[in-house]
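Trainee: compute the structure for the input listed below.
(one chain, ligands or ions: 1)
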Amino acid sequence: MMIEDRLTMMMDGMSVKQLNTFAIDTTAQQIATAHNEDDLMAIWQAAKERLQPILLLGGGSNVLFLDSFAGTVLLNRINGIEVHEDTDAWHLHVGAGEDWHHLVCFALERGMPGLENLALIPGRVGSAPIQNIGAYGIEVETVCEYVDVLDMDHGKKIRLFKDECRFGYRDSIFKHHYRDSYAIVAVGFVLAKTWQPVLPTVT
Ligand SMILES: Cc1cc2nc3c(=O)[nH]c(=O)nc-3n(C[C@H](O)[C@H](O)[C@H](O)COP(=O)(O)OP(=O)(O)OC[C@H]3O[C@@H](n4cnc5c(N)ncnc54)[C@H](O)[C@@H]3O)c2cc1C
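Mentor: The predicted model follows:
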């Protein structure tokens, strides 16, 4: 796709109501959708050349628009789920734009347990490591193998393995060091075949 084609996907003064779960009815100057890393880079560079701020958005369930956004909302919709298997585990390489709950269902329907406690958490896969989403005794760090991050200013892709992600309670390195000009483009998960259910304790 030519850069001109990508730029025509942007629409001036478009409503973000459908793009945030609070359904705040305000506008962004431009909205653009990236289906691959080339799109992400091209849209990022074009907005930078216009000196526009950029808001990278997944499912819009952890943002609150207080006012109209005088910049480009960049929707990460890089999709795809690849599964590799070895004797001990299934390894899933998942595009950042995949819907989180869809991933949980995809895995369970194919007999790969491990994500079930995280069912129905809203948002996209690329956002999940940022706050290390969790529920019922499981957090993303339990099943994360790596996170692929694109340095948008230099076009360089970096793979951070789980131990480098500095996961904590609703925290990770992506809230601190790898932010602003970095986009998560894929997440790797490892689901052990020796599965044990993690059951919430009832007190
Ligand atoms: C009803 C409800 C229930 C929830 N339940 C839970 C729960 O049980 N457990 C839990 O942990 N959380 C929960 N959350 C919080 C929410 O689900 C998570 O924070 C989720 O990861 C947000 O995903 P999102 O794609 O909607 O992120 P967005 O709101 O789109 O983005 C959040 C932040 O991440 C940045 N971002 C998004 N995508 C990328 C990317 N690819 N690369 C770099 N930065 C990016 C955005 O710029 C923004 O700063 C809940 C939220 C709601 C509304």
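Trainee: tell me which residue lies nearest the centroid of the chain.
Mentor: Residue closest to the mean C-alpha point of the chain, counted by Cα atoms, centre = their mean, is Gly126 at 1.4 Å.
Trainee: pretty sure Pro53 is touching Ala70, no?
Mentor: Yes: with contacts counted by Cβ atoms under 8 Å, Pro53 reaches Ala70, the gap being 6.9 Å. From N, CA and C alone the C-beta is placed, and that goes for glycine too.
Trainee: distance from stretch 64-83 to the middle of the chain?
Mentor: Distance, stretch centre to chain centre, for stretch 64-83: 9 Å (Cα atoms, centre = their mean, to the nearest Å).
Trainee: no, scratch that, I was asking about stretch 122-141
Mentor: Its chain's average C-alpha position is 10 Å from that of stretch 122-141, according to Cα atoms, centre = their mean.
Trainee: wait, isn't the residue nearest to the centre of the chain in contact with Leu74?
Mentor: No: using Cβ under 8 Å as the test, Gly126 is too far from Leu74 to be in contact (11.6 Å).
Trainee: overlap in contacts, these two.
Mentor: Common contacts of Gly126 and Leu74 (Cβ atoms under 8 Å, 6 or more residues apart in numbering): none found.
Trainee: next, the residue nearest to the centre of the chain: phi, psi?
Mentor: Phi and psi for Gly126, reported as degrees, to the nearest 10, are phi -60, psi -20.
Trainee: for the nearest residue to it once chain neighbours are set aside, grab the count of nearby residues.
Mentor: In space, and not counting its chain neighbours, Gly126 is closest to Ala96: 2.7 Å by Cβ to Cβ, 6 or more residues apart in numbering. By other Cβ atoms under 10 Å, 29 other residues sit near Ala96.
Trainee: contact partners for Ala96?
Mentor: Gly58, Asn76, Ile78, Arg124, Val125, Gly126, Ser127, Ala183, Ile184, Val185, Ala186, Val187.
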